[in-house]
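Chemist: model this:
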Amino acid sequence: MTPRKKFRALLAAPGMTMAPGAYDALSARIIEAQGFEAMSAGGYAAVGSMLGQPDTGQSNMRDYADHYARICAAVNIPVYVDADTGFGGVNNVRQMIRAFEAAGVAGVFISDQVFPNRCGYMAGKQVVSTEEMLTKMKAALDARTDPDFYIVARSDAFHVEGLDRAIERCQLYMDIGCDMAKPMGADRIEDVKRVIREIPCPHMANFSNANPKGWPPFDELEKAGAAMVSYPSAALFAAVGGVTRAMATLKRDRNLDAVRQELVALQDYYGLVGLDAQNAKEDEYLAAARATMAKKGVKA
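Modeler: The predicted structure follows:
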């Protein structure tokens, strides 16, 4: 089963799948190694890891395509990613869909914010007209070449125009053929239940560290009918915490032994990045070359 088919199957399956967020290829490998069946990769974590800056729309489509391609190449499970506002008008959206498909992602979500896009939990957001977003989503759907590629419309109207308007927008996005539409910020359990009732698609909850109000209990979300929950910044925040502690200890104690408890063992790291498999491939290619030369009586 391809990662895209797997992603669709997970959303259709009973229960709720956890999809932690990767911020780079190495964090993606860690997530996969821990047994998760899917992962996300969002702009918040991407801008933090690529630029060391907050997520306020300062990256571009090509940067994201390259970033996501490295993540997808590192793992075998589905990777669901952030496409901001589509990076421009309808022609930009079409180009983005093709680039992200080529990168190997399982699906994308596009926000109805105005450019520059902001993290959904930051203040100062504005949304484009419903007409403009419908136009963009039609372009995205038309540009798709793999029917399993999952296209999601995200509405940020909740914090601007209220939940009623956000649901109305999402219903229209579903009417034109989007695979999913979700109102960003409708995180209270009563709001989630309403969204699941009124928007005819699987629901993906969002447990972002940027959410100042926290999140409903996992079990309540699953019972309400949510199909998947994304943890878009948990790995990023864990990395910042771990590296900060290790570097602070190293600076204070001037001794690498003082930070051993923060460090992964060497063999565990090599296992994660696949050193043994890489060395085995080198030996295989070398043996094949020597066998070819031996058949012809050629000396090394």
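
Chemist: need the contact list for residue 173.
Modeler: 133, 134, 137, 153, 155, 181 (Cβ atoms under 8 Å, 6 or more residues apart in numbering). Quick note: C-beta positions are derived from backbone N, CA and C, even for glycine.

Chemist: Filter those down to just the ones in helices.
Modeler: With helices defined by DSSP state H, the entries of these inside them are 133, 134, 137.

Chemist: Neighbour count and distance to residue 62 added to those residues, as TSV?
Modeler: Formatted as TSV, the ones in helices among the contacts of residue 173 follow (neighbours: other Cβ atoms under 10 Å; distance: Cβ to Cβ, whole Å):
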residue	neighbour count	distance to residue 62
133	24	23
134	19	26
137	25	22
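
Chemist: Using CSV, list the CA coordinates for stretch 209-229.
Modeler: Written as CSV, here are the backbone C-alpha positions of stretch 209-229 (Å, rounded to 0.1, in the frame of the first residue of the first chain):
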residue,chain,number,x,y,z
ASN,A,209,1.9,23.7,21.4
ALA,A,210,1.0,27.2,20.1
ASN,A,211,-2.6,26.8,21.5
PRO,A,212,-2.7,28.8,24.7
LYS,A,213,-6.0,27.2,25.8
GLY,A,214,-4.8,23.6,25.8
TRP,A,215,-6.7,20.6,24.3
PRO,A,216,-9.6,18.3,25.2
PRO,A,217,-8.7,14.9,26.5
PHE,A,218,-7.6,12.4,23.8
ASP,A,219,-10.2,9.8,24.8
GLU,A,220,-13.0,12.4,24.5
LEU,A,221,-11.9,13.4,21.1
GLU,A,222,-11.8,9.8,19.9
LYS,A,223,-15.2,9.1,21.4
ALA,A,224,-16.6,12.2,19.6
GLY,A,225,-15.5,10.7,16.3
ALA,A,226,-12.2,12.4,15.4
ALA,A,227,-10.3,10.3,12.9
MET,A,228,-6.8,11.7,13.5
VAL,A,229,-5.0,14.0,15.8
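
Chemist: contacts for that stretch?
Modeler: Among residues not part of stretch 209-229, those counted as contacts by Cβ under 8 Å, 6+ apart are 10-13, 15-19, 38, 44, 119-122, 187-189, 192-193, 196, 202-207, 233-234, 236-237.

Chemist: what's in contact with the helix-or-strand element of the chain with minimal mean pLDDT?
Modeler: Comparing helices and strands within the chain by mean pLDDT, DSSP states H and E singles out helix 158-161 as the least confident, with a mean of 88. Residues external to helix 158-161 that are found in contact with it (Cβ under 8 Å, 6+ apart): 120, 125, 126, 127, 166, 183, 184, 185, 186.
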